[in-house]
Structure formats: structure tokens, C-alpha cells
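Q: The sequence and its predicted three-dimensional model are supplied below.
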Amino acid sequence: MSRSGGLRGYGLGLIALAVALSTTGYFWAGQILNRPPQRTPPVPNAVVSISSPKGTVELPVYRLSNPRVLDLFTRKAHQGLLYSFLEPRDQAWTGMGLEKPVSVAFLDSRGTILAILDIEPCPAPPQGKGCRSYVPGVVYRQVLEVGQGWFARYQIKPGAAVRVRPLEAAPNTQ
């Protein structure tokens, strides 16, 4: 074989290697760009304190000043959610998007618990139906949503006062 034939084969091999590497690069770039975004659970940004027969109970919560921005991911990953509404409301509550049952306290504008309901999860509405609605029977301004049984465990009942403070101002609650 002549010297130019060897160089030619070497050159073709380099071209083939370059094509293989670039094709692999395009493949992996497509995989990375097309995968769903990695979402991290929200970090609690407030602490609620509630006086109970068992003493003062504190719970880190994710506080939402505009509940419409809540997506289902946030609702699935929470420790506790505190919804605040600009206007008084009396609408029913639902377990839409929940994977686990929750207990929900309906509060007035001062933070007094008016009613507590246990809500069953409804990850996806059944075909042709909606999720069950739970009517609190009170006019409320805030809603505190926690794992089911949390209020009962600490013997918290309607009439208890809920105080909220930013997480930065809270002592270590770990």
C-alpha cells in the first residue's frame, strides 16, 4: 500500500470519528433539552404558631399570598400550606391534586380557626366527574392545610389562634 493510501485511510477514519462524536453529541443534547425540568419542592417561608392544650405548636409552612399561583406540584410536596385571600370567601374546598388526605383549618382575618375539615385526596377527577367539594360553612380569609390528623394530634379545635411569622424570624424548628 502506498503512503498516500495510508494517509487517506487515516483521514477517513478521523472524519468517521468526528461524525460519530458529533452525532452522539447531538443525541445527548436532544435528550437533555427534551427531558422534563427537575422541580424541587418549595421551601417553607413562614412558621405558624398555635396554642393548644399540649402547649404552643409550631409548623413550617409555605405561605401563598396569591393562591392562584399554586400548581399541583406544590400541593403534593408541602409540609403545610397557608393560603391568604384578599377578600372574605365561603367557597368549598377540594382535594384536587392531592395524593394524601389533609386536614384544613379555615381562619378569619385575625387568624382565629373557624372550622376544621378532613379532606380526601383527588389526584385526578374520575372520568366525567369532578372532585368532591367540602363546604366549611363559614366565611374565611385564610386556609391552613396540613396532613390529615395533625390538628387532632395536637388537640387544636375551632377558636384557637394561629400566629404567622416569616421563617427568618423563627427559632430553629428542626
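A: Structure's in. What do you need?
Q: okay, CA-based contacts and neighbour counts for the rest of this
A: Will do.
Q: Spell out, range by range, the strands that occur in this structure.
A: In the chain, the strands defined using DSSP state E lie at 46-52, 55-64, 80-89, 93-94, 102-107, 113-119, 133-134, 140-147, 162-166.
Q: For residue 17, find the nearest of those.
A: Of all the strands of the chain, strand 55-64 sits nearest to residue 17, with 52.2 Å by Cα to Cα.
Q: Okay, buried residues for the closest one please.
A: For strand 55-64, the buried set under the neighbour-count rule, 16 or more other Cα atoms under 10 Å, comprises 58-64.
Q: Same check on stretch 108-127?
A: Buried positions in stretch 108-127, judged by neighbour count with 16+ other Cα under 10 Å: 108, 111-122.
Q: so where's the chain uncertain?
A: In the predicted model of the chain, residues 1-9, 25-42, 65-78, 125-126, 128, 169-174 satisfy pLDDT under 70.
Q: any idea how it splits into domains?
A: Using automatic domain parsing, the domains assigned to the chain come out as 1-35, 46-169.
Q: contacting residues for the closest residue to residue 159 other than its chain neighbours?
A: Using Cα to Cα, 6 or more residues apart in numbering and skipping the chain neighbours, the partner closest in space to residue 159 is residue 113 (5.2 Å). Residues in contact with residue 113, defined by Cα atoms under 8 Å, 6 or more residues apart in numbering, are 105-107, 157-162.
Q: Among these, which one sits closest to residue 49?
A: Using Cα to Cα as the measure, the one of the contacts of residue 113 that approaches residue 49 most closely is residue 162, at 5.8 Å.
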